[in-house]
Structure formats: structure tokens, C-alpha cells
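1. pasting a predicted model and its sequence here:
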Amino acid sequence: MSADKPGAAGSGPEHAGSVLQRKASLVDMLDPLSFGDVVDSLGELYRVGIRVLDDRGRTLADAKGSNGDFCGFVNTTAQGRARCTALVSRLNEGPLTPTQGAQVLPGTSPLGGELLGQPCFTGLRYVVLPVQWEGDVLGRVVFGPFAPEELADVPVALAELEGLELERARELLAHVGRQSEHRAVKMLAHVAQVLAALLASGQKAYLTGQLHLEAMLETQRDLEAQNAQLMRLNQRLKEADRIKSSFLGTVSHELRTPLSSIIGYSEMLAEGLVGGLNAEQMQFVRTIIEKGNTLLKLISSILDMSQIEAGKVRLAFEWVDVQELVESALTSVTPQAQRKGLTVKVQLPEAAQPRVVADREKLSQVVVNLLANAVKFTPGGGQVEVRLSAHGPQPGLVGEGYRIEVEDTGVGIPLDQRERIFQSFYQVDDSPTREYGGAGLGLAIVKSYVEGHGGQVSVTSEVGQGSCFRVVLPKEPPLSGQGPAYIPPPIDTDPERF
Ligand code: ADP
């Protein structure tokens, strides 16, 4: 396609490899099936063969004329076949110039270029029409062969063919359609008009298709660039997240040591180890111990979470009595529950619970975190209940297992928050004036530890009525037989997390 064509330059995006810069071919612009039908009907109308070829010599349409029997007969002789093959190849692929016996014919074509008359050694004739489109030669139309009106008898060249039965050749020649060259040129001009109209509409469709394709490629290139940018950003966010976890881990570790001393010394003061305290002093020291313990728990959670995110948490599996573990977790929240006036209930299996394989400390922290939340988010007068039960094989779990449920009659959790509360630092109420303390880490730790055991944690809740957290664990975690296992760091799937 030349540079001044619509869409080739100027109207489309200009960069190397643009599909619009490709030279269009006849195959691109013509629908082969319907074009073939059109050429067939023109061939029938004129009783002349019409062959359309592209610039690489590929046939796009081929309507047979009335010469078939005659030419077939000539081709039965070796000489005839050789001369016929040479002529056809010249017609199909030879130069579109008046050489090798071809002559320029008078008349113009709507497709540009000169019409060439080409005689055949049999006395028949062809007319060849170049298909030019906007400066490019896209192919040619070969019209013929037809018998020229002035042909009186078989020419000498044919009569001299070895082995040709001349009378039969004459007979068959009489069946080949006769045309004056003048009429043939007119017919061909008609064919050219039809072809020009088809090319004009085909080009429009082709360009529209190419533009569409170009737009799609452009969109794809944009998307690829955006993807690469997102991947770079993601990488940087991951790095920032890793630095944050490592910073939190280091700071919490450094805070824990002096804080433990503060609590330890305050406890010694409260126990009177360095002399008695009056009531007010005792009250102050108790407040120091209580706030110190709250702070210690917070720092421990931050440290635990940073260890989880760094992939450094190892589960040390051992045989554990879950019943005992649940009862002991309960005692750690009982004083707080009593202070709030909550009823605490426990439901254990009737039969003695068989021992299970777990990391005792981590499993205990799971139950304590859930119970602490239940107590924290349940207003005075409410109820907290913990239930332990065994269950058979479940989808997503390996073998038999057990279930720990912690139910409360507290504030409940809105539906749209139930997934997100398991993310680190996420809290339903994260306003500075929020009523409940905490850092939003307890449930993230629960989820990591439970999944590290091959289990699942879920929640059902009704706002204003209460919540029930359900932990389902296998009796023997899949990896427990292979010694201590590392918990894989959580994969963040929430795009709003950052
Ligand atoms: P924290 O309790 O320190 O805020 P958690 O990760 O344990 O952090 O809990 C995240 C959030 O989930 C809480 O801030 C709270 O909004 C909600 N939540 C957790 N447990 C309960 C519960 N039993 N009842 C109501 N809301 C809860």
C-alpha cells in the first residue's frame, strides 16, 4: 500500500510494526467465496474463461470458458502440452508488459494499467488486465481464451503439432466462443468495473478491520505497560511491607524486655517485698501492672504477627489434651469476664476427648484470642460460651477432627466486614475514639495458626445479637508427622489492603 492511502499514514497510530502500514493484498480485500461466485457468473455470461490472480500468482477465482474440450484435446500431444504450459505460466506470472508476443490493446481500464492482448499458438487469444489499486499492482485478470472472429482455420503452428488429429481439432475449435477483440476488451472493462466496486467496499472493510485490530493491539500494549508498572509497584509494596514487619519485630522485641522489668518490679512492690504500701499506693501499682500487661500483650501480638509475616513461625507438634487446653484458656479470661458481669459457659464432650496433635502454645493462643475478643465485645450482663466437639472427616480437612466454637451475645460483626477482620490491623471500628482497645492482630494470628495446623476458621454473626467463631482442626495435621513445620506467610488477596 502506498504512503498516501487512507489509514496508511497520518490517520492511525504511527509506530513501527503498525498493521496499517502493511500493503493490502487482493486476498485481504476480497471475500473469496462471494468473489468466486461473481467471477463464475461473469464467465457464464460471456462464455469465456476468467481467472483472477494476486501479485504472487495465487488464483483467487477461476471461471471456466467454452474452450475446455479443445484445449484438453491439444494437450493430449506432448508438444501441445509443453507450449500450453509455457503460455499459461507467462499469462499468470509473466511481465505485464508488451513482450513475448503480447501487444498493448486500445482502451482503458478503471483499474489502471494497459490491456495486453496475448495470442495462443492454437489461434485463440487472451486479454490480460493488470489490477492496480492506489498505485500498487495487486494482481491481474486473465480473460480467455476466446476464438477471434477473423480466425478462419487452425493456424499452421497447431497443424504442425505431432500426433494431433486435425479434423477433430477443427471440430472442437468450432465450439469455442467467438469474439472480436474489440468486444473482448469491452467485456473486460465491465469485469474491471465490477472488480473495482468490490475492491472499494472490500478495502473499506479491510481498513475498518485493520483499525479495529490496531486499536486492540494498542490496548494490549497499554495493558502490558500497565501490568509491568503494577508489578513494579507490587514489588515495592511487598518490600515496604517486609521492612514494616521487620521494623515492628525489632521494636517490639526491644520494648518487651524493659516492659517485663516494669511489670516484675511493680509486682514485687504490690507483694510488699520492699515494704508495705498504703491503699492509694497499692491502687496505683495495680494500675501500673494492669496497663503494663495490656501493653505487653499488644507488643507480643505485634511480634507474633511480624514473625508470621516473615515466615519464621515454627509449629512444634506434640500430643495435646484439647479439653484441658480449653479449660486453661478459659481461666485466663475469667477475671475480665467477671469484672464485666458476663456469664461464661463451657460445653465439653461427654466422653473423654482423645488427645490430638498440635502446637500446644499456638493452639492455646487461638482459643485465648477468641475468648478475649468474645469478652471484650460483649456488653455487661451478656454471655460467652466455649464448646468443644469431635467430628468426622470434613471437606477440606484431612481425616477426623475436632471443633472449637466461641460464641457470645455481643455487638456482632456487619456482614461486609466478616472476611476482612481476619486481616492484620483490621478493626471494624478503627476510629481514634473507638470503645474497644486492641491492635487488630488477634484474628490474623488465629487464622495463621489454625491454617498452619491444616484447619479452618469461620464466623457467623448478627449485629447486636452476637457472634460465633468456629475453628475446625484435624486430629493429626498433615505435616505433623514430619517434625516441626513452618507456617507460610499469609498471601494478601485484598486489593484494598494497601
Ligand atoms: P482486636 O480485637 O485487637 O481489635 P482482632 O483481630 O482480634 O483485633 O479483631 C479484629 C476486629 O474484629 C475487632 O476489632 C472487632 O471489630 C472484630 N471482632 C473480633 N471478634 C469479635 C467479636 N467476638 N464480636 C464482635 N466483633 C469482633
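-> Yep, that arrived. Numbers count the residues shown, from 1 in each chain.

2. only C-alpha atoms for contact and neighbour calcs from this point on.
-> Fine.

3. which positions in the stretch 51-200 of the chain make contact with the ligand?
-> Residues of the stretch 51-200 of the chain lying near the ligand by Cα under 6 Å from any ligand atom: none.

4. could you count how many residues lie near residue 223?
-> Applying other Cα atoms under 10 Å, we find 12 residues neighbouring residue 223.

5. what residues are up against it?
-> Residues in contact with residue 223 (Cα atoms under 8 Å, 6 or more residues apart in numbering): none are found.

6. separation between it and the ligand?
-> In this structure, residue 223 and the ligand are separated by 37 Å, where distance is defined by Cα to the nearest ligand atom, to the nearest Å.

7. toward the C-terminus, what is the element adjacent to the one helix or strand that residue maps to?
-> Secondary-structure assignment from DSSP states H and E places residue 223 in helix 181-270. Scanning the chain past helix 181-270 towards its C-terminal end, the next helix or strand to appear is helix 279-309 (assignment: DSSP H and E).

8. check whether the helix or strand containing residue 345 comes near the ligand.
-> Following DSSP H and E, the helix or strand that holds residue 345 is strand 343-347. No - under the criterion of Cα under 6 Å from any ligand atom, the ligand is not reached by strand 343-347; the shortest gap measures 13.6 Å.

9. and that strand, how far from the chain's centre?
-> When C-alpha coordinates are averaged (Cα atoms, centre = their mean, to the nearest Å), strand 343-347 and its chain have centres 51 Å apart.

10. could you give the mean pLDDT of it?
-> Taken as a whole, strand 343-347 carries a mean pLDDT of 94.

11. for that strand, list the C-alpha coordinates in PDB.
-> What follows is strand 343-347, C-alpha atoms only, in PDB (Å, rounded to 0.1, in the frame of the first residue of the first chain):
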ATOM      1  CA  THR A 343     -21.800 -15.500  82.300                       C
ATOM      2  CA  VAL A 344     -19.100 -17.800  81.000                       C
ATOM      3  CA  LYS A 345     -20.200 -21.300  79.900                       C
ATOM      4  CA  VAL A 346     -18.200 -24.300  78.700                       C
ATOM      5  CA  GLN A 347     -19.500 -27.400  76.900                       C
END
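
12. ok, the next helix-or-strand element following that strand: who's next to it in the sheet?
-> Read in the C-terminal direction, the helix or strand following strand 343-347 is strand 356-358, with elements assigned using DSSP H and E. With DSSP bridges as the criterion, the sheet partners recorded for strand 356-358 are strand 318-320 (antiparallel).

13. go through the partner strand and flag the buried ones.
-> Counting neighbours by 16 or more other Cα atoms under 10 Å, one finds that the buried residues in strand 318-320 are 318, 320.

14. now the nearest residue to residue 191 once chain neighbours are set aside, what's its secondary structure?
-> Nearest non-adjacent residue to residue 191, counting by Cα to Cα, 6 or more residues apart in numbering: residue 42, 7.4 Å away. Following DSSP: H, G, I helix; E, B strand; the rest coil, residue 42 is assigned to helix.

15. tally of neighbours for residue 42?
-> Taking other Cα under 10 Å as the definition, residue 42 ends up with a neighbour count of 19.

16. just the strands in the stretch 51-200 of the chain please.
-> Counting by DSSP state E, counting those that start in this stretch, residue ranges of the strands within the stretch 51-200 of the chain are 59-63, 103-104, 116-119, 125-133, 136-148, 178-179.

17. and the ones you listed as CSV, adding mean neighbour count and distance to residue 412?
-> Output for the strands of the stretch 51-200 of the chain, formatted as CSV (neighbours: other Cα atoms under 10 Å; distance: least, Cα to Cα, whole Å):
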stretch, mean neighbour count, distance to residue 412
strand 59-63, 19, 74
strand 103-104, 16, 95
strand 116-119, 23, 92
strand 125-133, 23, 75
strand 136-148, 23, 76
strand 178-179, 20, 97
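
18. same list, those strands, but as TSV with mean pLDDT and distance to residue 429 please.
-> Output for the strands of the stretch 51-200 of the chain, formatted as TSV (pLDDT from 0 to 100; distance: least, Cα to Cα, whole Å):
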stretch	mean pLDDT	distance to residue 429
strand 59-63	94	73
strand 103-104	91	91
strand 116-119	93	89
strand 125-133	92	72
strand 136-148	93	72
strand 178-179	90	95
